[in-house]
Every structure is written in C-alpha cells, then in structure tokens.
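pasting a predicted model and its sequence here:
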Amino acid sequence: DAIEVASHFRQGVPVIVNIGALSEADARKMLDFMIGLKEGLEGSVKRVTPKVFLLSPASVTVTDADADEDGDEELAGF
C-alpha cells in the first residue's frame with residue numbers, strides 16, 4: 001500500500017490513508033513514511049480523524065474552516 005500511496009502522491013494526486021486496521025507499529029511506520037513523502041516533495045499531511053490522514057501534494061490546496069492556521073496538525077500521537 002505504501003508504494004501505491006507514494007505513486008499517487010508523486011503524480012500530484014491527494015491520498016487519503018486509513019491506518020485504523022494496522023497494528024500500532026505498522027501505523028507508526030506508515031505515518032513516518034507519509035511525513036517523509038511530505039517533507040521530500042513539499043506537500044502536507046492533515047489528520048482527518050484519529051486514524052485517517054490526507055496526504056496532499058504542494059500543488060493541491062486543501063481548506064478546512066475548522067483547521068488551525070499553523071500548518072500541519074500535530075501528528076505525534078495517534
């Protein structure tokens with residue numbers, strides 16, 4: 001799944017990733033992977049729910065009236 005996420009993200013397509021079915025260790029690995037993609041390709045990662053994340057390339061603007069204006073939401077705990 002990580003390869004498919006990266007492929008879509010590199011093509012400029014936003015990706016919703018649900019880590020709810022993963023073990024805690026695998027969920028952490030996937031989140032670390034998404035953060036690496038975000039940093040390497042200058043995108044963003046936003047928490048949608050406690051276990052669902054939106055990975056967006058820099059070319060895509062995502063707006064949410066309820067989101068804070070400080071950028072990426074704290075992703076350390078899930």
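Received, thanks.

state the pLDDT value of the nearest residue to residue 59 once chain neighbours are set aside.
Distances taken as C-beta to C-beta, 6 or more residues apart in numbering place residue 12 nearest to residue 59, at 5.3 Å, with adjacent residues excluded. Backbone N, C-alpha and C define where each C-beta goes, glycine included. pLDDT recorded at residue 12 is 93.

also residue 60?
87.

same check, this time on residue 71
For residue 71, the predicted pLDDT is 49.

which stretches in this protein count as strands?
If DSSP state E is used as the criterion, the strands of the chain fall at 15-18, 44-49, 52-56.

which strands or helices does the last one pack on?
Okay, so that is strand 52-56. Applying 3 or more C-beta pairs under 8 Å, 6 or more residues apart in numbering; DSSP states H and E, we find strand 52-56 packed against strand 15-18, helix 24-40, strand 44-49.

low-scoring stretches of this protein, by residue?
65-78 (pLDDT under 70).

can you rerun that using 50?
69-71 (pLDDT under 50).

adding distance to residue 57 and mean neighbour count, write the helices and strands packed on strand 52-56 out as TSV.
Shown next, in TSV, are the helices and strands packed on strand 52-56 (distance: least, C-beta to C-beta, whole Å; neighbours: other C-beta atoms under 10 Å):
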stretch	distance to residue 57	mean neighbour count
strand 15-18	9	17
helix 24-40	9	15
strand 44-49	8	16
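
could I get those as a markdown table with distance to residue 7?
As requested, these are exported to a markdown table (distance: least, C-beta to C-beta, whole Å):
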| stretch | distance to residue 7 |
| --- | --- |
| strand 15-18 | 9 |
| helix 24-40 | 11 |
| strand 44-49 | 17 |
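
closest one to residue 2 among these?
helix 24-40 (5.4 Å; C-beta to C-beta).

nearest residue to residue 45 in space, please, no chain neighbours.
Residue 45 sits nearest to residue 38 (C-beta to C-beta, 6+ apart), 4.9 Å away.
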